[in-house]
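Chemist: predicted coordinates and the sequence they were generated for:
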Amino acid sequence: MHPEDRTTTAEQLTRLKMGDAPAYFENRYLCRDGSFRWLGWTAAPFSSEQLVYIFARDITSRKAAETEIQGLNRELERRIGDLTEVNNELEAFNYSISHDLRAPLRSIRSFAQFLREDFGPSLGPEREDYLRRVESAAKYMDVLLLDLLQYSRLSRSELEMVPVDLESAVSDVLTSIEPEVLERKADIKVRKPLAPGLAHPATLRQVIYNLISNALKFVQPQQNPLIEIWSERREGWVRVWVADHGIGIAPQYHKKIFGLFQRLHSQDAYPGTGVGLALVRRGVERMGGRIGVESVAGEGSRFWFEVRQAMPPG
């Protein structure tokens, strides 16, 4: 018997001799070729007969597989730890860079404004165009950094899940973007009632805001946006739909659009930073939910996300 197994095996045999309950134990034995093999023992004492019935089977292959699995699990845990550390460092770096870069951008925009105020009439068309490009680039970069800051905060912050009235959340968002809705002459229909969900209120409103903003933006020129919002109950989940009749998305891009900085159109055609849907995906996932899209190019899109259903009071 392997020296490391002698003590535990002797203890098992002592209990069996005293008439304890049936037992199972494992140990290793030296073979003629010098190797050790594992045996699994099943034993049952019969005190009245002064006998112990005991059976063994070779479990060496199983033990080898278990050892390999344990090694793989340790390696997996190590790699997960490394990736978590790298991810935390990247998020901290992203937050720091996004925050620190906004200061010089504000200076650029301020000095551009001073130039326009002091020398506007004497700039001439060419210099005026240069100045406009500087202001436009600085504004775009500032919006991009704000999106990155929000993405970083969403990745780092703790979210408390509470029951949320979806109708109130949608109403708050629509009120906040009312000027844009009126400007675009959009028709937004909310099919009530909307089922309550378990979510983080601010994150939920951000998700709804980004989905409605996309629906307002991605339409054909001169087309008035038509948006429909409704909810469904699905076995403990609430699925919220935001559907539009815009330009649509080809099937091969349905997963790509939720990535960071993923754009399918030029900045001139449809302005944006490519962060909005990544924010939506991260926000929904941080709330323990899921997200997806059903769309065909030229036929509009139906975005959906799911959060846990809020339990009714009582």
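Modeler: Received, thanks. Residues are numbered from 1 along each chain as shown.

Chemist: rest of the way, CA atoms for contacts and neighbours
Modeler: Fine.

Chemist: now the phi/psi pair for residue 41, please.
Modeler: When read as degrees, to the nearest 10, the backbone of residue 41 gives phi -110, psi 130.

Chemist: now the nearest residue to it once chain neighbours are set aside: which helix or strand?
Modeler: Distances taken as CA to CA, 6 or more residues apart in numbering put residue 56 closest to residue 41, at 4.4 Å, once the chain neighbours are dropped. According to DSSP states H and E, residue 56 maps onto strand 51-58.

Chemist: residues contacting that strand, please?
Modeler: Contact with strand 51-58 is made by 16, 17, 37, 38, 39, 40, 41, 42, 43, 44, 45, 46, as judged by CA atoms under 8 Å, 6 or more residues apart in numbering.

Chemist: next structured bit after that strand?
Modeler: Following strand 51-58 in sequence, per DSSP H and E, is helix 60-119.

Chemist: and the next helix or strand after that following helix with helix 60-119, angle?
Modeler: Per DSSP H and E, the first helix or strand lying C-terminal to helix 60-119 is helix 124-156. Here the directions of helix 124-156 and helix 60-119 differ by 150 degrees (axes from the mean of the first three to the mean of the last three CA atoms, to 10 degrees).

Chemist: packing partners for helix 124-156?
Modeler: helix 60-119, helix 276-286 (3 or more CA pairs under 8 Å, 6 or more residues apart in numbering; DSSP states H and E).

Chemist: which stretches of the stretch 1-150 of the chain have low pLDDT?
Modeler: For the stretch 1-150 of the chain, residues meeting the criterion pLDDT under 70 lie at 90, 94-95, 98, 147.

Chemist: now the farthest one out in this protein, which residue is it?
Modeler: Distance from the centre of the chain peaks at residue 49, with 64.3 Å (CA atoms, centre = their mean).

Chemist: any idea how far that residue is from residue 18?
Modeler: Look at residue 49 and residue 18: by CA to CA, to the nearest Å, they are 12 Å apart.

Chemist: same question for residue 123.
Modeler: Look at residue 123 and residue 18: by CA to CA, they are 104 Å apart.

Chemist: between those two, which one's more packed in?
Modeler: Per other CA atoms under 10 Å, whichever of residue 123 and residue 18 has more neighbours is residue 123, with 15 against 12.

Chemist: the more buried one and residue 258, how far apart?
Modeler: Going from residue 123 to residue 258 by CA to CA gives 43 Å.

Chemist: which parts of the strand holding residue 56 are buried?
Modeler: Using 16 or more other CA atoms under 10 Å as the test for burial, strand 51-58 gives residue 52.

Chemist: just stretch 109-119 next, same as before
Modeler: Within stretch 109-119, the residues that count as buried by 16+ other CA under 10 Å are 109, 112, 113, 116.

Chemist: so which of those is the closest to residue 137?
Modeler: residue 109 (9.4 Å; CA to CA).

Chemist: and that closest one, what does it touch?
Modeler: Residue 109 sits next to 134, 135, 138, 139 when contact means CA under 8 Å, 6+ apart.

Chemist: go on, residue 236?
Modeler: Applying CA under 8 Å, 6+ apart to residue 236 gives the contacts 308, 309.

Chemist: hmm, back to that, now the buried members of the contacts of strand 51-58.
Modeler: Buried subset of the contacts of strand 51-58 (neighbour count, 16+ other CA under 10 Å): 16, 37, 38, 39, 40, 41, 43, 44, 45, 46.

Chemist: what about the first one, which SS state?
Modeler: What it means is residue 16. helix (DSSP: H, G, I helix; E, B strand; the rest coil).

Chemist: for it, which non-adjacent residue is spatially closest?
Modeler: Counting by CA to CA, 6+ apart, residue 45 is the residue found nearest to residue 16 once chain neighbours are left out, at 5.6 Å.
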